[in-house]
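A.B. asks: Provide a 3D model corresponding to the input given below.
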Amino acid sequence: MLINFSDATGGMFKDAASFLTADASQQQIAFDRWAAYDAEIARTFGDKADQFYVDAQIGRAFLTPQLFRIETQVYMRRYPNADLNGLIPINTDGDMWDVGTVFYSMDEVGKAEFLSGKGFDMPYASTLMDQKSRGFHLAGIGYEWSTQELQRAAKLGRSLPTDKAGAARKAAQFFKRSVAMTGRTPGAATSEKGWTGFTNDPNVPASNVTADGTGSTTTWATKSPDQISRDIWAAVNLVETQTKETHTATVVALPTQKLRYIEQTRMTDGSGTILDFIRGNRDGGDNITFKPIRELAGAGASGTDRMVAFDSSEEVVQFHLPGDHEFLPAFQKSSMTYEVGGIMNIGGTEVRLPKAMTYKDGI
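C.D. replies: All right, here's what the predicted structure looks like:
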């Protein structure tokens, strides 16, 4: 049985789209009505409690509609791309069962030269092709229900809790973010797959900011607003220098606390904040976007905070997510336990043009 939005919300909403565009107070009223609606349906199974153990059809009949409602609620609460959307480019090409991706890069070679009118030494232009591959890996997080939990829900006249399904979604989000940022699973000291992430790719040029703060230190807490502004511009300009002006830094990523600091600290002449000054003084090209990434705190050399300036395009860096987290159909895995598996297919973060990025440590 699929959920009927009109019945479940007492006629407030006809479909999911109208619910998602409503304000928070209307959604809360709808959730309250929905809970009462679910409880009334669950109550109808209360007199079947004794048959639940001996009649698999009744058990399945209770399980299936409840799981449909859990799936619907989880979908409406989730945030796309596990809070990665907008931080780094995400490549969703492929599907859950792809084993990897192959891509080709091409470089142009050759240069024009002066010729003799009767010469036979015409210079030629050509192209060089290169092939690279990236492997994908299956990961998962699901949840389970016991017959005891289903039995109690039926006796108490309530719907199955969505806590476990929501916890699985959240665990998947943390997993994807950790792999994207560091190459490691949450809490792991090393990468199981040998990956690195956006914050620690060894091929990206890295260096400390200038050590001219109080006591010849590098940290922004010891520097003037003008010195901090100079450090940021140095990182931005370095991307152009490293790529011989073929790429321009469009994003500067900072530890959250460092971004808040430059948002709130005024320039020495009082003309505006450090952030305002940087944004308002870009000559040509795209304006610089600043993004908070908490994983940059302590990501630099000797555990210092790290700043990243980069050209935010899939040509430069991308997180491979060919198969986002999804739940599989519920199945009965033992006489008293049901399982709902959740799977995803991930390829980690790939930096294809490391010189179009730069790490600046010690901030």
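A.B. asks: where in the stretch 151-300 of the chain is pLDDT low?
C.D. replies: 156-161, 281, 283-286 (pLDDT under 70).
A.B. asks: What are the boundaries of the strands in it?
C.D. replies: For the stretch 151-300 of the chain, the strands defined by DSSP state E, counting those that start in this stretch cover 206-208, 251-254, 289-292.
A.B. asks: Provide the strand pairings for the next helix or strand after the last one, with the direction of each partner.
C.D. replies: Stepping forward along the backbone from strand 289-292, the first helix or strand reached (DSSP states H and E) is strand 306-310. In its sheet, strand 306-310 lies beside strand 251-254 (antiparallel), strand 357-361 (antiparallel), with partners assigned from DSSP bridges.
A.B. asks: between the strands of the stretch 151-300 of the chain, which one is nearest to D311?
C.D. replies: The closest of the strands of the stretch 151-300 of the chain to D311 is strand 251-254. By C-beta to C-beta, the value is 7.8 Å. C-beta: built from backbone N, CA, C; applies to glycine.
A.B. asks: on that earlier part again, can you put the strands paired with strand 306-310 in CSV and add distance to Y124?
C.D. replies: Formatted as CSV, the strands paired with strand 306-310 follow (distance: least, C-beta to C-beta, whole Å):
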stretch, distance to Y124
strand 251-254, 39
strand 357-361, 34
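A.B. asks: can I get those strands in JSON lines with distance to D212 and mean neighbour count?
C.D. replies: Output for the strands paired with strand 306-310, formatted as JSON lines (distance: least, C-beta to C-beta, whole Å; neighbours: other C-beta atoms under 10 Å):
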{"stretch": "strand 251-254", "distance to D212": "20", "mean neighbour count": "23"}
{"stretch": "strand 357-361", "distance to D212": "14", "mean neighbour count": "24"}
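A.B. asks: The nearest residue to D98 once chain neighbours are set aside and D93, how far apart?
C.D. replies: Sequence neighbours aside, P322 is the residue nearest to D98 in space, at 5.0 Å (criterion: C-beta to C-beta, 6 or more residues apart in numbering). From P322 across to D93, the span is 6 Å (C-beta to C-beta, to the nearest Å).
A.B. asks: if we can go back for a sec, correct me if wrong: the residue nearest to D98 contacts V99.
C.D. replies: No. In this structure, P322 is not within contact of V99 by C-beta atoms under 8 Å, at 9.7 Å.
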